[in-house]
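**Student:** turn this into a model:
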Amino acid sequence: MTVLGTMAATWPASSWPITFVACSGGFSNILYSFGLGYGVSMAANAGLTAVVAKHTHKVPLSPFGLACCGLYAAYGLRLTTFLVRRQQEESYAPKFEVLQLKSDMMGLGSKFAIVAGVSFAQALYALPLAVATAPRAATARPVLRAVGWAGVGLAAAGLLVEHIADEQKLSAKREAWPKQMPAMDGLYCYCKHPNYLGEFLFHCGISCMGITGTPKI
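**Tutor:** Down below sits the predicted model:
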């Protein structure tokens, strides 16, 4: 059996070594597990799930499957690039130093538990995508396909809201520095934490996407 065949037989659990490597920056700073590792894992799982699905089912991905993989990839790439940019901001330096100090005070066992736990959770989070890229998702009942496409729209909307909110907050922090002032403009006029709202909507959309390919529904 080939390496790809072995991965496909146990997917998405077999993505754990990959997500573990992606989150291994947590041994230096725990932020690199919860942040960068999370983003890189999402992007990696998008590409790998598409490859595994094509290998397993011997058919090209459906438009729905491509849309789901694209959203995972977009989420991961957006988060990764945003976090890299934020770390370079002078206004973020004090918070980063606090996290680095906490990380330096943690033992290797605690860091390993964080890296292993976050990476395993990320491996399992490829499951909704694996279900959505299965052929049965394309042949599901019309109502389930409608739920799936609604999930695509909801996840895309959530990703857009989170992107705008993160950029507005980053800009507000930069302009207020050295004062530590909360963001009050843009989406923050209407919601205290629009970035969290966008995150919530994205993951609700992921749940709807996974429903479409779930057997016996």
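**Student:** C-alpha only now, for contacts and for neighbours.
**Tutor:** Fine.
**Student:** what's the distance between the spatially most central residue of the chain and Leu187?
**Tutor:** When C-alpha atoms, centre = their mean is applied to the chain, the residue found nearest the centroid is Met42 (4.3 Å). Met42 is 26 Å from Leu187, where distance means C-alpha to C-alpha, to the nearest Å.
**Student:** re earlier: you'd agree the residue nearest to the centre of the chain is up against Leu79?
**Tutor:** No: contact criterion C-alpha atoms under 8 Å: Met42 and Leu79 do not qualify, at 9.4 Å.
**Student:** and the residue nearest to the centre of the chain, what element?
**Tutor:** Assigning secondary structure by DSSP states H and E places Met42 in helix 38-57.
**Student:** how far off centre is that helix?
**Tutor:** Helix 38-57 sits 12 Å away from the centroid of its parent chain (C-alpha atoms, centre = their mean, to the nearest Å).
**Student:** now do that helix: which elements does it pack against?
**Tutor:** Other elements packing on helix 38-57 under the criterion 3 or more C-alpha pairs under 8 Å, 6 or more residues apart in numbering; DSSP states H and E are helix 3-9, helix 16-23, helix 63-87, helix 108-124, helix 127-132.
**Student:** and these, which is most packed in?
**Tutor:** Burial of the helices and strands packed on helix 38-57 is given as mean neighbour count (mean count of other C-alpha atoms under 10 Å); helix 127-132 ranks first at a mean of 23.
**Student:** good, wrapping up.
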